[in-house]
Structure formats: C-alpha cells, structure tokens
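K.L.:
missing the sequence, but the structure's below:
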C-alpha cells in the first residue's frame, strides 16, 4: 500500500506507480516463502489519477493485483478508480455542418480565390466558415460576419496570421495577389527551405487581410 498526499507535485503523483512497483518487489523479496504479497494499492489525491490510471491499465494483471484509489482529504472519502475504463472521460457533441450547403453559400468567395489559386484545397469548418489551404498550409478563411453599422450579414475572407485584420479593397488587391503568388512559387517540393512560407506556420510578418463580399 502506497499513498501520495495533495501537497505533492503532479510529477511526484505520476511517478508514484513506479515507486509502488519497486516497493512491491522489495516486499515480495523480503517475505519470500513467508507471506504472499498479492499486489499494490495506490492512493492519489482527488482528480490527479489520469496518467497513473493509463499506466496501470497496461501492467501485467497476472503479475499482481493492481488497485488505484483517489482520496478526497477534505471529506475523508475514498473512490476506487476502474483502470479498465479507458473510454472518453469528457465528450461533447457538435452539429455536423452540411458541407454541400456551406460550399454553395461561399461559392462566390471560393470562385474568387480559385481564380488566383485554382487548385487550393477548400475545407468546411462550420456552417459559417470555410478554410483555404495550399499544400497543407491554411492561408485564408471565408466566414459570415456582421456588416458594420447594420444587422446584415456579409462574407469576409481573412488572410495571413496575426491579430490585424483589414478589409481588402480595390487599392489593396495587389498585396493579396503577391501573397498568393508567393505561396504558389515558394511552397512546393523544390521551394526554398529558408522561406517562412515553406514551414507549417507562415511568418508573423504577413498581415491578416479580409474583404467583404
């Protein structure tokens, strides 16, 4: 039997199983031929057993009896943890978007971007947002937003990374074209490995652009 109190760090709690196995081996060696030491009972603080449970679930059940408990020191309560229950601990259901309807809704934005980058990938994120990717790199999103000063919904296409967002107007379209051309010229198997757009995340130097449609 081994216990860890709530004053210990999470790292010490996670390591408690290793100490328990070593202590079990010591007890079995010392009591060889005298007393049968069946297994290990490990007590950890409330809400801290996730990693220990995963490790204990992979131990040899024929080598010893493994038991894990969580101790609530405030209420002096002990709860046994079922290590065989390895399903999702916390789950949630989200509404699956209608991909066909989303693609139809954003047809204008998709057409505008694919005229500049014909083979870019379009991924549906939700009923109100889609993503544009080029060779694995997300470089733009189209989404439904509110028109400033009114309750009317408009489509926005947001480009780049960072906190800045600007509506791409006619005077700024050249900057967007430069970004798309750079993606096409740089992000391919023979592109420069030193360029920021060849990595998984574009450089923070690229602004985030958007236009309303």
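P.N.:
Yep, it's here. Model, not experiment: these values are computed from the prediction.
K.L.:
could you say which helix or strand contains residue 27?
P.N.:
Secondary structure from DSSP states H and E places residue 27 in helix 10-30.
K.L.:
need the next SSE after that helix, C-terminal direction.
P.N.:
The first helix or strand that comes after helix 10-30 along the chain, using DSSP H and E, is strand 39-45.
K.L.:
which strands and helices lie in contact with that next one?
P.N.:
The helices and strands touching strand 39-45, judged by 3 or more Cβ pairs under 8 Å, 6 or more residues apart in numbering; DSSP states H and E, are strand 2-3, helix 10-30, helix 50-56, strand 65-72. Using the backbone N, CA and C atoms, a C-beta is placed for each residue, glycine as well.
K.L.:
nearest to residue 184, out of those?
P.N.:
Distance to residue 184, taken as Cβ to Cβ, is lowest for helix 50-56 among the helices and strands packed on strand 39-45, at 44.8 Å.
K.L.:
other SSEs contacting that closest one?
P.N.:
The helices and strands touching helix 50-56, judged by 3+ Cβ pairs under 8 Å, 6+ apart, are helix 10-30, strand 39-45, strand 65-72.
K.L.:
what sits up against the lengthiest strand in the chain?
P.N.:
Using DSSP state E, we find that the single longest strand of the chain is strand 137-146. Outside strand 137-146, the residues that touch it by Cβ atoms under 8 Å, 6 or more residues apart in numbering are 105-106, 109-110, 113, 120, 125, 128-133, 152-160, 179-180, 183, 187, 197, 200, 202, 212.
K.L.:
quick check: buried residues in that strand?
P.N.:
For strand 137-146, a neighbour-count test (16 or more other Cβ atoms under 10 Å) marks 137, 138, 139, 140, 141, 142, 143 as buried.
K.L.:
in the protein, where is pLDDT below threshold?
P.N.:
Counting by pLDDT under 70, the chain shows low-confidence ranges at 86-91, 161-168, 190-213.
K.L.:
tell me the helix or strand right after the longest strand of the chain.
P.N.:
strand 153-159.
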